[in-house]
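*Asks:* Quick one: sequence and predicted model below, then my questions.
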There are 2 protein chains.
Amino acid sequence: MNRKAFAAANVMLFALAAGPASAQTTATPPAAVLEDFKPSSLNQPGQLYPQVNSQGYARFRVVAPDAQAIKVSLGLGGSGGTTLAKGADGVWTGTTGGPLDQGFHYYHLTIDGGVFNDPGAQNYYGSVRWESGIEIPATDQDFYALKPVPHGNVQQILFHSPSTNTERRAFVYTPPGYDKSGKTRYPVLYLQHGWGEDETAWSNQGHANLIMDNLIAEGKTKPFIIVMTYGMTNDVKPGGLNSFDIHPFQTVLVNELIPYVDSHFRTLADQPHRAMAGLSMGGFETKLITLANLNTFGSIGLLSGGTVSMDDVKATPDFAKKVKLVFVSFGSRELDNGKPRFGGDPKANDEALKAAGINSIYYVSPNTAHEFLSWRRSLHELAPRLFKD
Amino acid sequence: MNRKAFAAANVMLFALAAGPASAQTTATPPAAVLEDFKPSSLNQPGQLYPQVNSQGYARFRVVAPDAQAIKVSLGLGGSGGTTLAKGADGVWTGTTGGPLDQGFHYYHLTIDGGVFNDPGAQNYYGSVRWESGIEIPATDQDFYALKPVPHGNVQQILFHSPSTNTERRAFVYTPPGYDKSGKTRYPVLYLQHGWGEDETAWSNQGHANLIMDNLIAEGKTKPFIIVMTYGMTNDVKPGGLNSFDIHPFQTVLVNELIPYVDSHFRTLADQPHRAMAGLSMGGFETKLITLANLNTFGSIGLLSGGTVSMDDVKATPDFAKKVKLVFVSFGSRELDNGKPRFGGDPKANDEALKAAGINSIYYVSPNTAHEFLSWRRSLHELAPRLFKD
């Protein structure tokens, strides 16, 4: 990429990486906090806290009788978190100063100046560490719920990577019926996590498998395979894109993983049936890799990770002829007057691509920020539009 | 089971459940601690602590400048752990009072009276919570190392369970070549975790998939499928077996999971090609379920989870005719004069079974306790002996 694009991308990466910590709490809390708190669905087995109420407030409870101070990195309060207070029983409790956005949030505790996880919650890899997770039930949570429908499998594969001299891990979603479908071959979506995350994110935080199971059960999408691997993004410090080079990951993905998947799974191993999408820095990677490899990938999805402009189209030989779908999405709270902080005007770009005869989709997730509910919804919108023959 | 067996099992369960906390440190530490500490292989990405030296000492480092006291639940020291000391920089450090046993150990921090995980380490489900994990490199670690050999996959499956009205999770190891082997069918080992653990244990802590990959690459075992699911054991408090009933899990396993696996994977779906094994309370479950279902299971593995006596053989119709293999193992540190605290004399029982013409194997893992290196080694010993036609 040229110097100007590189500098712009550098700024965008910083914005993307910094994103997950923002916009956790709405500004005006309701007058009364309803006392209908229930354990978060992401708690460790048997754990009663953290809890969430019907308004989206979260309540925390931590046992550490001799601690001096405990703060939760979620919700309004001193320097952007919820300060817990110690009760007479030595137990620390506190409630967010307002409702949180619906969906999944990473968080952690600061105890006496150190960062630890909440022993009540399960852990999710984000911010280059295993963080605590909490889920505010979403109005539309049914689309990613675990339901009694036929389920696909999520397979851990280990593939040899000569370029890095490692055995590398990926997760492969195979749709329900894959095991019984004899000689049927399937299209493949390569789906990337964001900065600070890894190949576990789209299954654990994103429920990509359940979103697909439910869409397939309702006949709303063609069954396809999803491959999720580590994007080698986490050595990049926010703002430090000068040290980032897409080529090592591109080599692993295009020269090593794709051939492994095509030789070990029943794939439709051609450009029209191979897509790439990613969230945040994974979208940034997707754009770089797909535009440089349009004979490999036929569809492009950027989820809170930039846009495709007519400048991109013009700079990429045969773009209009080769690309079957451009899908761009953001959470509404990432936009100011319809525009993200960096990376172009997604709506104007979408309209320009449409006018040029390109199959372009632009989706905005209502009332969500740079967080996983935006990306669950984005996958739910993207999947039915992929691989239309 | 009759009242007497029930009471004996009750005592045994308590012993098994209490086991993992014991025998962490040898009594006589070497004279000098070698300063060749390296980060544990189980650390979170980029984390330098905890560390392990070549003698098996572990060193911990925790940032929490305002904490009053931090203790690690591993190693010698006040009330059985390692007390950390705060340095001038506000960082807490400490080294175990002696070398730890080789292999995997669960641990946690007690900070100001509360239980938290070490932010440097990855987490593993044990003791009915996600605990921190640390690995002391074992002399024989090569057999479970990640090596450039053909790898099998570990598949997460979700199966419907009418008896519990849930969608339940299991992990299925399919051997290398499964995807390419056309119509080849494979034997199946159902492999259970212990009390406080879940269906993630045998892959995460046990490296069952890597043990199999390496054995298969060396031509030492026949390729087979391994199925790992949750044994519904964790509502049982140590000593509280009076509330435990094997039947709900037996129903899920025998009536629901096995038919699902046999209809979704290319299995050899008959008794000679179906085995069950388990560690600790999973061995206890294995014994109860296999002896009651000898038309379903042809081989039995009890790993630190009891023995099979001639009384069991005599009380079970057609035992000698139906059972292809009885495999019993313990860690040497679980034994006192060759006997575990409860559950019979494994060596005497093995000899009696052999004398009765039963294919019985007894294995003792050197210098390990009721911990995962005993069970990794036991699987490594068990696998080559299974499914010999």
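*Replies:* Done, it's in.

*Asks:* Distance of the nearest residue to A:Met281 once chain neighbours are set aside relative to A:His273?
*Replies:* Residue nearest to A:Met281 in three dimensions, not counting chain neighbours: A:Trp195, with 4.0 Å by CB to CB, 6 or more residues apart in numbering or on different chains. Just so you know, the C-beta spots here come from the backbone N, C-alpha and C atoms, and that holds for glycine as well. Distance, A:Trp195 to A:His273, using CB to CB, to the nearest Å: 29 Å.

*Asks:* Contact partners for A:Lys180?
*Replies:* B:His264 (CB atoms under 8 Å, 6 or more residues apart in numbering or on different chains).

*Asks:* ok, which stretches of the stretch 251-389 of chain A are strands?
*Replies:* Under the criterion DSSP state E, counting those that start in this stretch, the stretch 251-389 of chain A contains strands at A:274-279, A:299-303, A:325-331, A:360-365.

*Asks:* Now render these as TSV, adding mean neighbour count and mean pLDDT.
*Replies:* Below are these laid out as TSV (neighbours: other CB atoms under 10 Å in any protein chain shown; pLDDT from 0 to 100):
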stretch	mean neighbour count	mean pLDDT
strand A:274-279	29	98
strand A:299-303	28	98
strand A:325-331	26	98
strand A:360-365	20	98
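
*Asks:* Can you show me the helices along chain A?
*Replies:* Secondary structure of chain A (DSSP state H): helices located at A:3-18, A:201-204, A:208-217, A:247-250, A:258-264, A:281-292, A:310-315, A:319-322, A:346-355, A:372-382.

*Asks:* what residues does the fifth one touch?
*Replies:* Okay, so that is helix A:258-264. A:157, A:159-160, A:170, A:172, A:188, A:190, A:225, A:227, A:267, A:269, A:274, A:296, B:179-180.

*Asks:* ok, now the fourth one?
*Replies:* If you take CB under 8 Å, 6+ apart as the criterion, helix A:247-250 is touched by A:163-164, A:231-233, A:285, A:288-289, A:292-293.

*Asks:* And for the third one?
*Replies:* Contacts made with helix A:208-217 from outside it, assessed by CB under 8 Å, 6+ apart, are listed as A:142-147, A:149-152, A:154, A:173, A:175-176, A:191, A:202-203, A:221, A:223-224, A:226, A:228, A:376, A:379-380, A:383-384, B:156, B:158.

*Asks:* quick one on the thing from earlier: which among the contacts of helix A:258-264 count as buried?
*Replies:* For the contacts of helix A:258-264, a burial check counting by 16 or more other CB atoms under 10 Å in any protein chain shown picks out A:157, A:159-160, A:170, A:172, A:188, A:190, A:225, A:227, A:267, A:269, A:274, A:296, B:179.

*Asks:* among those residues, which two are most distant?
*Replies:* A:Thr296 and B:Asp179 (22.0 Å; CB to CB).

*Asks:* Next to chain B in this structure, residues from the stretch 101-250 of chain A, please.
*Replies:* Contacts of the stretch 101-250 of chain A with chain B, taken as CB under 8 Å from any CB of the partner chain, map to A:109, A:111-117, A:119, A:122-123, A:128-130, A:146-148, A:151, A:153-160, A:167, A:172, A:179-180, A:198, A:203, A:209, A:213, A:234.

*Asks:* among the residues you listed, which are in strands?
*Replies:* A:109, A:111, A:114-116, A:123, A:129-130, A:153-160, A:167, A:172 (DSSP state E).

*Asks:* Compute the number of surrounding residues for A:Asn214.
*Replies:* Number of residues near A:Asn214 (other CB atoms under 10 Å in any protein chain shown) recorded here: 21.

*Asks:* Find the nearest non-adjacent residue to A:Lys222, please.
*Replies:* A:Phe387 (5.5 Å).

*Asks:* Settle this for me: the one you found is touching A:Asp270, isn't it.
*Replies:* No: assessed by CB atoms under 8 Å, A:Phe387 is found out of contact with A:Asp270, at 11.2 Å.

*Asks:* Tell me which of those two has more neighbours.
*Replies:* Each of A:Phe387 and A:Asp270 had its neighbours counted (other CB under 10 Å), and the higher figure belongs to A:Phe387 (23 against 12).

*Asks:* what's the spacing between the more buried one and B:Val261?
*Replies:* 30 Å.

*Asks:* Also A:Gly344?
*Replies:* Distance from A:Gly344 to B:Val261, by CB to CB: 50 Å.

*Asks:* So which of those two has more stuff around it?
*Replies:* Set A:Gly344 next to B:Val261 and count neighbours by other CB under 10 Å: B:Val261 wins out with 21 against 18.

*Asks:* Local confidence estimate at A:Gly239?
*Replies:* Looking at A:Gly239, its pLDDT is 61.

*Asks:* actually A:Arg185, sorry about that
*Replies:* 96.

*Asks:* That one is in contact with A:Arg274, isn't it?
*Replies:* No: between A:Arg185 and A:Arg274 there is no contact under CB under 8 Å: 11.9 Å.

*Asks:* residues bridging contact with these two, i.e. touching both?
*Replies:* A:267-268.

*Asks:* on that earlier part again, what is the nearest of the contacts of helix A:258-264 to B:Phe372?
*Replies:* B:Phe372 has its nearest neighbour among the contacts of helix A:258-264 in A:Ile157, at 23.6 Å by CB to CB.
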